[in-house]
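Visitor: no sequence on this one, just coordinates:
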């Protein structure tokens with residue numbers, strides 16, 4: 001009997017050690033990467049970095065203000081395109097989940113979520129850049145929206161499935177129209193989880209570079225037109241990192257630090273909404 005108890009304790013300690021080892025295998029590389037980015041980029045993050053555009057090679061200073069604004073513009077446009085499609089598509093899948101159309105939509109969303117982002121950029125290039133005969137922020141936003149749609153659709157669908165059916169039945173029993181029940185009762189009940197999916201989708205597209213290479217292209221200057229090439233932080237990081245100029249390398253590290261910080265903040269915010277939903 002004592003040997004059996006000792007053996008179970010040994011297995012328990014071994015399993016605990018393996019779990020801690022697996023956790024460390026994930027956290028240590030992540031910590032080293034973040035530490036290296038902070039070490040290389042913190043010296044170049046200053047006020048000028050957030051309010052100036054990149055300076056020509058050989059000149060000291062400059063920033064990525066145009067890239068930050070460009071990223072915000074394209075993410076905002078992508079959200080206007082992708083979020084309604086993803087959310088309303090998820091409502092359709094939940095309310096009419098047994099139809100052949102819903103099965104096809106769900107399969108297409110799974111395929112699209114696994115498609116490499118560079119392929120998404122090529123699709124947007126063929127659909128918008130070639131017909132319009134020019135790179136543009138609009139094409140970049142469409143490429144990012146194609147990445148956001150399956151993420152928002154699938155996460156929203158899973159959250160809507162968790163809403164008790166009794167809430168729908170009670171709303172319908174009171175005479176509330178079906179469409180209003182879906183929007184005002186079902187969707188509102190799952191809003192914290194839907195918000196989590198939205199934030200994760202934004203964090204995903206915020207660091208995408210490949211689709212923008214084929215669509216937005218980038219711009220060293222300010223631009224106010226979405227039909228013209230526009231700067232974005234991932235594009236500037238890529239272009240500056242492969243350049244032969246040391247000043248641009250410092251800007252690339254600073255941009256990487258800002259981008260990682262933004263993505264980390266979005267992930268923590270999404271985690272907060274997720275915890276709030278489960279605790280509630």
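Guide: Good, I have the coordinates. Treat the numbers as computed from the prediction; the structure is a model and nothing was measured. Numbers count the residues shown, from 1 in each chain.
Visitor: alpha carbons only for contacts and neighbour counts from here, please
Guide: OK.
Visitor: Let me see the ranges of the helices in this protein.
Guide: All helices of the chain, identified by DSSP state H, fall at 2-41, 47-51, 65-95, 100-113, 117-124, 130-132, 137-161, 165-173, 178-180, 187-189, 191-206, 210-213, 233-241, 246-279.
Visitor: Tell me which of those helices sits nearest to residue 225.
Guide: helix 137-161 (8.0 Å; Cα to Cα).
Visitor: Show me what the closest one is packed up against.
Guide: On a contact count with 3 or more Cα pairs under 8 Å, 6 or more residues apart in numbering; DSSP states H and E, helix 137-161 meets helix 65-95, helix 100-113, helix 117-124, helix 191-206, helix 210-213.
Visitor: Spatially central residue in this structure, please.
Guide: Nearest residue to the geometric centre of the chain (Cα atoms, centre = their mean): residue 204, 2.1 Å.
Visitor: so what's it up against?
Guide: 148, 263 (Cα atoms under 8 Å, 6 or more residues apart in numbering).
Visitor: circling back: most packed of the helices and strands packed on helix 137-161?
Guide: Among the helices and strands packed on helix 137-161, the stretch with the highest mean neighbour count (mean count of other Cα atoms under 10 Å) is helix 210-213, at a mean of 25.
Visitor: helices and strands around the worst-scoring helix or strand of the chain on mean pLDDT, which ones?
Guide: The helix or strand of the chain with the lowest confidence, counting by mean pLDDT, DSSP states H and E, is helix 246-279 at a mean of 87. The contact analysis (3+ Cα pairs under 8 Å, 6+ apart) places helix 246-279 against helix 2-41, helix 191-206, helix 233-241.
Visitor: how about the longest one: buried residues?
Guide: Along helix 2-41, these residues count as buried under the neighbour rule (16 or more other Cα atoms under 10 Å): 34, 37, 38, 40, 41.
Visitor: any idea of the angle that helix forms with helix 246-279?
Guide: Using axes from the mean of the first three to the mean of the last three Cα atoms, to 10 degrees, the inter-axis angle of helix 2-41 relative to helix 246-279 is 140 degrees.
Visitor: Can you spell out which helices and strands pack onto helix 2-41?
Guide: Checked by 3+ Cα pairs under 8 Å, 6+ apart, helix 2-41 has helix 246-279 packed alongside it.
Visitor: What residues of the helix it packs on count as buried?
Guide: So, applying 16+ other Cα under 10 Å, buried residues of helix 246-279: 247-260, 263, 266-267, 269-271, 273-274, 277.
Visitor: Kindly report the same for stretch 214-225.
Guide: 214, 215, 216, 217, 218, 219, 220, 221, 223.
Visitor: Look up phi and psi at the third one.
Guide: Geometry field for residue 216 lists phi and psi as phi -80, psi -30, criterion degrees, to the nearest 10.
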